[in-house]
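>>> 3D, please:
(chains A and B)
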Amino acid sequence: MADVSLRKVKKQFGALDVIKGVDLDVQDGEFCVFVGPSGCGKSTLLRMIAGLEEITSGELSIGGRDMTKVGPSERGVAMVFQSYALYPHMTVAENIGFGLKMTGHSKELIAERTARAAKMLQLDALLKRKPGQLSGGQRQRVAIGRAIVRNPEVFLFDEPLSNLDAALRVQMRTELSKLHQDLKATMIYVTHDQVEAMTMADKIVVLSAGRIEQVGSPLELYHRPNNLFVAGFIGSPKMNFLKVTVAAGAGGSLNIALPGAALQLPSHGVSVEGGEMTLGLRPEHIDATGKGDVVIEATVKLAEYLGSETLFFVTLSDGSELAVKADGLAREKPGETIRLGINAKACHLFDANGLAVINGDLTR
Amino acid sequence: MFPTPIQKASPFVQTAYKIVLPLALVLWLLPLIGVAITSVRPASDLAAGNYFGIPSGFAGLENYTAVFRDSPIGLYILNSFKVTIPTVIGAVALSCLTGFALAVYRFKGNLLLFFMFVAGNFIPFQILMVPVRDMTLRAGLYDTTLGLVLFHVAFQTGFCTLFMRNFIKGLPFALIESARVEGVSEWRIFRYIVLPLMRPAIAALSVLVFTFVWNDYFWATVLVQGQHAMPVTAGLYSLNGQWVAAWHLVSAGSIVAALPPVAMFFLMQRHFIAGLTLGATKG
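Have a look, this model is predicted:
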């Protein structure tokens, strides 16, 4: 059992609050991803779990044991660094076995575990090389191998893929997911890349400015973002936000004035005061063929034809801009008029404080 | 690219470069060449006032054998080694530890301590002459190689610490953190990760300290009087007294005395490989 739990964890660097009180539970065997823009404190939080940064206040426990004041060497965690941090003067095999050797394990055990990890990560042929003779992806695998051999209860990854090229990153992503399935260990993974978060995580923790914005499964965050920050952060291209005026309508529905059309939104029993609010629409939920509960006209400003899909950047009659993800066969050109169908079920509504009032949950 | 490769300069500059460079080199080496030539000059030349002219004959063999036969230069050289080698080992070993502590650990007064190590280098040793002599005398270390070694270790450690601390600061800190997470004790991190990566620094510093200490004349004369502990630099001086102004022999002795640091440099040169840490992090 190795669940990780944080209670009111704070971190200050001098007078600067970096982590402003985090409560979080990561279950045993879970793949948890910390995601957020740079400077949000996600790496600091991970380093606090590793023991590399002191916890200013609050409590941390791993596997039910209080680890708040315990040194990094006694926490039973393994960490993979963004820079890989391979020991340059040791061969791959020595790198992988170093931790075990230093903690007094027998040669046979080290050899056996190194061989197993090398096989798992396809490093067999490289065991005698030095890190300087390896490619980025291979170094990354050595760093992971070094973590695996110790059979840790918790794996910590600090942006491990950000130094790899795009193709390799996709490949390593699937390999890491597979590794998680094989090892069934708790993994905490830090990234700024929301695609990595969405594809790998059981649980995503969205952080911003030292606070947790939302915790949930990838689809929960996608369909039911709590606030504007999460809504804008998860999903690519990011969600469109329109400033709208909302008024209560008949039968518990809401009337929303859009440029050139009026949208009726079911309130799902939520009482809404109305007034100035923000309407959130994902680019992929706007229909470029003009089918939907309400249709508005827009002018195409820019079009990106990707083959599998076409991205339109359009301007509405009041000057506000939208991104629209259309079918790859859509052929509208910049300057042409396009009819956009909006599905009321897909609309998110956020109040003046940026909190979600209604989530456009298509699964509902 | 700066500086511009000489191959790309105008023909005039290229020619000028080819003439001026060897000239400058010879000019720079002139004192050394002078000593080398004097060391093979027959004694009669000096008596005749031929100090800088072409030697009237080659007397290298006589002069060098005379140095070894007529003076205890062998003992002086041995003394120099007895002072220099322990100093190099002591100062480098000590500064590896101090450098590691100052570079890796965050503690109150870290920077202050570091500055004190650095500031020590700026104290002119003429000021220290009398107190240090007094101190060694009272400690019973006056006129011994041990006294000289202890003083040199203490005095060199300041500079060495500056050097080592900055070198370790330049190593990727993630290496140390990674080892810590792996459960490796601090001493073993130093021993098995930091120390092997410090090899180029240790080599460079060893050569430097070796040269400094070997060439030291000041402290050798201040702290040592008798032949039994006299290093070769100070020993040469007594050579001069023995044969009144026997410059050809003193020159020969100087050349012999200068050989060990030169040999040391060529021996250690291959350790001056930069970039041992390449490949540790992304690249």
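
>>> got the contact list for stretch B:158-165?
B:91-92, B:94-96, B:98-100, B:102-103, B:114, B:117-118, B:120-121, B:198, B:201, B:204-205, B:209 (CB atoms under 8 Å, 6 or more residues apart in numbering or on different chains). Placement of C-beta: from N, CA and C, glycine included.

>>> contact residues of the stretch 101-250 of chain A facing chain B?
Within the stretch 101-250 of chain A, the positions near chain B by CB under 8 Å from any CB of the partner chain are A:102-103, A:130-134, A:136, A:139, A:146, A:150, A:156, A:163.

>>> at 7 Å what do you get?
Contact residues, the stretch 101-250 of chain A versus chain B (CB under 7 Å from any CB of the partner chain): A:M102, A:T103, A:K130, A:P131, A:G132, A:G136, A:R150, A:N163.

>>> quick one: which of those residues sit in helices?
A:M102, A:G136 (DSSP state H).

>>> ChimeraX command to pick out the buried ones of the residues of the stretch 101-250 of chain A next to chain B?
With 16 or more other CB atoms under 10 Å in any protein chain shown as the criterion, this ChimeraX line picks the buried residues out of those:
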select /A:102,130,131,132,136,150,163
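
>>> chain B: which of the residues of the stretch 101-250 of chain A next to chain B is nearest?
A:G132 (2.9 Å; CB to the nearest CB).

>>> how near is the closest one to A:Y84?
12 Å (CB to CB, to the nearest Å).

>>> in PyMOL, select just the buried ones from the contacts of stretch B:158-165.
Those of the contacts of stretch B:158-165 that count as buried under 16+ other CB under 10 Å are selected in PyMOL with:
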select buried, chain B and resi 91+92+94+95+96+98+99+100+102+103+114+117+198+201+204+205+209
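
>>> all the strands of the stretch 201-350 of chain A, residue numbers only.
For the stretch 201-350 of chain A, the strands defined by DSSP state E, counting those that start in this stretch occupy A:203-208, A:211-216, A:240-248, A:253-258, A:261-266, A:275-281, A:286-287, A:294-305, A:309-316, A:321-327, A:337-342, A:348-350.

>>> the closest residue to chain A within the stretch 101-250 of chain B - how many residues pack around it?
Residue of the stretch 101-250 of chain B nearest chain A, by CB to the nearest CB: B:E182 (3.3 Å). B:E182: 24 surrounding residues under other CB atoms under 10 Å in any protein chain shown.

>>> kindly report the same for A:S308.
7.

>>> for chain B, what's the longest helix?
Assigned via DSSP H, chain B shows its longest helix as helix B:73-104.

>>> I'd like the average pLDDT over that one.
Averaged across helix B:73-104, pLDDT comes to 94.

>>> now for the helix or strand following it, which elements pack on it?
Once the chain leaves helix B:73-104, the next helix or strand it forms, by DSSP states H and E, is helix B:110-120. On a contact count with 3 or more CB pairs under 7 Å, 6 or more residues apart in numbering or on different chains; DSSP states H and E, helix B:110-120 meets helix B:73-104, helix B:145-170.

>>> and the angle for helix B:110-120 with helix B:145-170?
130 degrees (axes from the mean of the first three to the mean of the last three CA atoms, to 10 degrees).

>>> alpha carbons only: can I get helix B:110-120 in CSV?
Listed in CSV are the C-alpha atoms of helix B:110-120, where the atom choice follows Å, rounded to 0.1, in the frame of the first residue of the first chain:
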residue,chain,number,x,y,z
ASN,B,110,27.6,29.6,4.1
LEU,B,111,28.5,32.7,2.0
LEU,B,112,30.3,34.4,4.8
LEU,B,113,32.5,31.3,5.3
PHE,B,114,33.1,31.1,1.6
PHE,B,115,34.2,34.8,1.5
MET,B,116,36.5,34.2,4.4
PHE,B,117,38.3,31.4,2.5
VAL,B,118,38.5,33.8,-0.5
ALA,B,119,39.6,36.8,1.6
GLY,B,120,42.4,34.8,3.1
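
>>> and the angle from it to helix B:73-104?
160 degrees.

>>> how much distance is there from helix B:110-120 to the middle of the chain?
Computed by CA atoms, centre = their mean, to the nearest Å, the chain-centroid distance of helix B:110-120 equals 23 Å.

>>> who does the closest residue to A:S57 other than its chain neighbours bridge with?
Nearest non-adjacent residue to A:S57, counting by CB to CB, 6 or more residues apart in numbering or on different chains: A:K10, 4.7 Å away. Under DSSP bridges, the beta-bridge partners of A:K10 are A:K20, A:S57.
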